[in-house]
Each structure stands twice: as C-alpha cells, then as structure tokens.
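Colleague: predicted coordinates and the sequence they were generated for:
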Amino acid sequence: MISKAQIKFITSLKEKKYRDKNRLFIAEGPKIIKDLLQRNVKCKGIYGISDQQDDFLKFDVPYTYIDAKTLHKLSSFKTPNKMLAVFDCFKPNTQIHSDNPIVILEDISDPGNLGTIIRTCDWFGIDQIVCSTQSVDLYNPKVVQSTMGSVANVNVLYVDLAPFLKQIHKTHTLYICDLQGTSLYKQNFKSNAAFYFGNESHGISNTLSDLPSTRISIPKKGSAESLNLSMSCGIILSKYFELSS
C-alpha cells in the first residue's frame, strides 16, 4: 500500500529542483528499470500495477503494488508503462579522458534529443558528454525514457562551457557541427575528437569565436531545411568512426 506522503514525494520528483534536492530520479517501464538495476544503479523502490514482481525479486528492491489511477498520478507520461521506480542520481565524473572522443552540447533543450544522443553515444562507445548548464536536465523523465537504459553508461557533465572549452582544446581537436562547415566526408579526423553541437533553434553561440576549431557539416542533397539534432549527431559519429578506424 502506498501512502499519500509517498505519492506526494514521488510526484515532486517530476520537478528538477526536487530531483536536485533529494538526488533522486524516476525511471518508467519494466525494461528501463531492469536495465538500470542490472547496471547496479541504486533503487529506492518500484511501484507497479503489473504482476511482474517476480522478475525483480533477485534485485532485492522493495516492490509496491499500486492501481492504475495512482500510476497515472505518479507518471510523467499520458500512457504509463506498468511501473516506475525511484533511483539514486549518478555521481558525475569530472575527469575528462584526453584520449577518448567526447560530445559537447550547447543549451540543448529537447529532452528527446538529449536522451537519443546519450543512447547514440552509448552505441558507439562514447562515454563522455558535456552539456552547458542551460541544457535540459539529464534526469528529466523524458530524457531518461529516451535513453532506453543508456543513461547509466554515459557520463554526462554540466559545466560553464566558456572556461571548459579553453581547457579542452589543449587535449582534444574541436569539431564544430555547423551548416556552414565543410563536408565531414572530407575530414581527416583526429582520434581525440570533441564534437560540438549547438542549440536546436539558435545553433552555435559566440563562445567559440576565439578557439581553434574545424567546422564540419553534413552535405545536403535534398530540399529539407534542417536535420534533427540527434540524427545529425548519429550521422557524424558514424562517419567519424568509419574514417578514423
């Protein structure tokens, strides 16, 4: 039986300020919950309407049955997926490995984009993403959902980009993804690449004006005005690993 106080507390975690205060976040759906548990992310409890409790017994996590009405109250989605769980937030690793590629995101605003980029980086084995402080929160329920469990595999760090970029260019070759850049198919990528993507609507700011960098783009063949940011990231990373292998 779930109490009113528990309902109120879990519901509060939909807001960033309460996630930050309690260092907790919500994940929804059996698959994502199981993926996080298998990655040893500490779980405070699972709340579900289904009879899948047996699937989670081996994880030794409290499981509370709730009705569909309560699940709708707790969920961040119009169509909740059977259960949700409360997890501890990750402790970010502030050490950037100089010999590994990284993805840098400036003021990314769409939760689906960030979640998909995290999942894409996980696919390619990139375990470092750096976001500006104005970017969407890693623990936004829609971000967590879009990562499909990869949120536990990629270190996402939020920083003030201006001083960070002054340091990172000493260890990484900076590639700015920009519509006015030269074709990525003509690049000889360095292994320690740092790929920089701007905001979905406003693109790249002036933060980069004084930094040594190479501007790259995806050649356009058709009449579409633009590409989705996460799709652009996937195309560029795919080509990077092909050309640098």
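Modeller: Here it is on my side, so go on. Note that the structure is predicted; figures quoted are calculated from it, not measured.
Colleague: show me where the protein has its strands.
Modeller: 24-28, 43-48, 63-65, 83-88, 102-105, 128-132, 155-159, 173-183, 193-197, 214-217 (DSSP state E).
Colleague: thought S217 was touching K186?
Modeller: No: at 10.2 Å, S217 does not count as touching K186 under the criterion of CB atoms under 8 Å. Placement of C-beta: from N, CA and C, glycine included.
Colleague: longest helix in this protein, please.
Modeller: In the chain, assigned by DSSP state H, the helix with the most residues is helix 229-244.
Colleague: now that helix against strand 193-197, angle please.
Modeller: 160 degrees (axes from the mean of the first three to the mean of the last three CA atoms, to 10 degrees).
Colleague: how far does helix 229-244 sit from the chain's center?
Modeller: Taking CA atoms, centre = their mean, to the nearest Å, one finds helix 229-244 lying 17 Å from the centre of the chain it belongs to.
Colleague: what does stretch 171-184 rub up against?
Modeller: 96, 98, 101-102, 165, 168, 187, 189-190, 192-198, 203-204, 208, 211-219, 226, 232-233, 235-236, 239-240 (CB atoms under 8 Å, 6 or more residues apart in numbering).
Colleague: so which bits of it are buried?
Modeller: 172-178, 181, 184 (16 or more other CB atoms under 10 Å).
Colleague: pLDDT on it, on average?
Modeller: For stretch 171-184, the mean pLDDT works out to 88.
Colleague: ok, stretch 85-98 next?
Modeller: For stretch 85-98, mean pLDDT is 86.
Colleague: got the contact list for it?
Modeller: 10, 13, 19, 23-28, 33, 36, 41-47, 61, 102, 128, 130, 139, 152, 155-158, 168, 171-172, 192.
Colleague: how is this structure carved up into domains?
Modeller: 4-88, 102-244 (automatic domain parsing).
Colleague: so where do the helices sit in the chain?
Modeller: Going by DSSP H, the chain shows helices at 4-12, 16-22, 30-38, 68-74, 111-124, 141-147, 161-168, 229-244.
Colleague: higher neighbour count, S217 and K186?
Modeller: Set side by side, S217 and K186 show more neighbours around S217, with 18 against 9, by other CB atoms under 10 Å.
Colleague: quick check, pLDDT for that one.
Modeller: Here the pLDDT value assigned to S217 is 90.
Colleague: what sits closest to it if chain neighbours are left out?
Modeller: Excluding the flanking residues, the one nearest S217 by CB to CB, 6 or more residues apart in numbering is G181, at 3.9 Å.
Colleague: and what of I168?
Modeller: Looking at I168 with CB to CB, 6+ apart, the closest residue is A194, at 5.8 Å.
Colleague: what is the burial count for the one you found?
Modeller: Around A194 there are 23 other residues, counting by other CB under 10 Å.
Colleague: so which of the domains of the chain is the most surrounded?
Modeller: Among these, domain 102-244 has the highest mean neighbour count (mean count of other CB atoms under 10 Å), at a mean of 18.
Colleague: how far off centre is it?
Modeller: For domain 102-244, the distance to the chain centre is 11 Å (CA atoms, centre = their mean).
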